[in-house]
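Undergrad: take this sequence and fold it.
(one chain, ligands or ions: 1)
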Amino acid sequence: MKYDYLIVGAGLYGATFAEQAKKERKKVLIIDKRNHIAGNVYTEVIEGINVHRYGAHIFHTDYKDIWEYVNSFVEFNRYTNSPIARIGDEIYNMPFNMNTFSKIWDDVFTPEDALRHISEEKKEIDHEPNNLEEQAISLVGRTIYEKLIKGYTEKQWNRDCKDLPAFIIKRLPVRLIYDNNYFNDKYQGIPIGGYTKLVENMIAGVEIKLNANFFDDTKYYKSIAKKIVYTGPIDEYFQYSLGALEWRSLRFETKIIDKENYQGNAVVNYTGHEVDYTRVIEHKHFENKQSNKTVITYEYPTNYKKGMEKYYTINDDKNNQLAAAYRKLALQEKNVIFGGRLAEYKYYDMDDVIKSALESYKIHKM
Ligand code: UDP
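TA: From the prediction side, this is the model:
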């Protein structure tokens, strides 16, 4: 055996595992079917600006050790995510906080005023919320639900909010202070120089083969390493023998604009049905880049079809059961470690992916 570990996929899970193995002088080979490293956190330089090619990524975590871990490879800036929501000709601050409430209701000045409106509106739901619509109304009332949640969520999932599980919306904080910070976590920022640099530095010195698809020669790849770390889709590994898992995909439209500042914020959410995209990202604002031009990306949620990229898991009962059945099969695969968003079929934040890879290395190390 030429290698201790063959790592399939150069995203955050694979890079973290590889970094740990490298530190212990293990022989590691990373392969990736794409022509670049860093998976979906990959950033590419356009007009001197780091463009998040597979969707905007903002690093945030409550784990001090994970924050220190990523900062040991590259310096992070102090970017704080504070998206703007646009519906028709109106602009609101996100997440739901006193800035939002005072603009929604013109007699709101204090937290007490906001609470009065919210508790009046949420009376509509007098039972435990059964779906996303009921959950949203019982959180912030119907006015905000209809302006800032309904359209965005229905575009993102291509389903009526009444048919979506309540848990999706629990991610969104509600605050009775004038604070537009989207995340509650202690640490937040963007790697200075881009995520590609972060991953590059993590795996410096590790052998990498790009444009290499594990499934083009599974037999060969299985023969060259003592253990395999597989971070691709779990159903594909088993040749879809139990059926295909469902995903939501995204389509990105990126434009270079001959303007210094297009929208004044990195993230603008379009929360109504009058446009098909959910967000417009202006990449330069993630790193406060000075340049005469700017690069923006429209994000369109789409139904996944074969050949597209897989982005969001659809964690309904049907898909969760299928994923659990694949996980059972995975347990029988000797010397193969399944990890990350695609292999675990999990809606993962970046810090949790890294944490899970660090833990997995400890469990499986030779
Ligand atoms: N959401 C919303 N309005 C917004 C932003 C988010 O209703 O302007 C809801 C929506 O249901 C979405 C969920 O919050 O599915 C999570 O969105 P977020 O942008 O945090 O998720 P990401 O795509 O960044 O993982």
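
Undergrad: all helices of the stretch 101-250 of the chain, in order?
TA: 111-122, 132-140, 142-144, 150-157, 195-202, 218-223, 234-237 (DSSP state H, counting those that start in this stretch).

Undergrad: off-centre distance for the second one?
TA: Mean-position distance between helix 132-140 and its chain equals 23 Å (C-alpha atoms, centre = their mean, to the nearest Å).

Undergrad: got any ranges where the stretch 51-200 of the chain has weak pLDDT?
TA: 171 (pLDDT under 70).

Undergrad: flag every residue of it that's near the ligand.
TA: 85, 94, 148-149, 152-153, 156, 168-169, 171-172 (C-beta under 6 Å from any ligand atom). From N, CA and C alone the C-beta is placed, and that goes for glycine too.

Undergrad: and of those residues, the nearest to Lys22?
TA: Lys22 has its nearest neighbour among these in Arg171, at 33.9 Å by C-beta to C-beta.

Undergrad: can you pull the contacts of the residue in the stretch 1-150 of the chain positioned nearest to the ligand?
TA: Distance from the ligand to each residue of the stretch 1-150 of the chain (C-beta to the nearest ligand atom) is smallest for Ile149, at 3.6 Å. Contact analysis of Ile149 by C-beta atoms under 8 Å, 6 or more residues apart in numbering lists 136, 140, 161, 169, 271.

Undergrad: and the third one, how many residues sit next to it?
TA: If I follow you right, that is Cys161. 23 (other C-beta atoms under 10 Å).

Undergrad: check contacts around it.
TA: Applying C-beta under 8 Å, 6+ apart, the residues contacting Cys161 are 131-133, 136, 149-150, 153-154.

Undergrad: can you rerun that using 7 Å?
TA: 131-133, 136, 150, 153-154 (C-beta atoms under 7 Å, 6 or more residues apart in numbering).

Undergrad: now Ile58
TA: Per C-beta under 7 Å, 6+ apart, neighbours of Ile58: 79, 81, 188, 190.

Undergrad: distance check, it against Gln321.
TA: Using C-beta to C-beta, to the nearest Å, Ile58 is found at 32 Å from Gln321.

Undergrad: what subset of the contacts of Ile149 is buried?
TA: 136, 140, 161, 169, 271 (16 or more other C-beta atoms under 10 Å).

Undergrad: tell me the one among these nearest to Arg341.
TA: Ile169 (20.3 Å).

Undergrad: tell me where the stretch 51-200 of the chain has strands.
TA: 59-61, 84-87, 90-93, 187-189 (DSSP state E, counting those that start in this stretch).

Undergrad: how far does the first one sit from its chain's centre?
TA: The gap between where strand 59-61 is centred and where its chain is centred comes out at 11 Å by C-alpha atoms, centre = their mean.

Undergrad: which residues touch it?
TA: 67, 70, 76, 183, 185, 187-190, 350-351.

Undergrad: strand partners (parallel or antiparallel) of that strand?
TA: strand 187-189 (antiparallel) (DSSP bridges).

Undergrad: chain center to the partner strand, what's the gap?
TA: The answer for strand 187-189 is 15 Å, by C-alpha atoms, centre = their mean.
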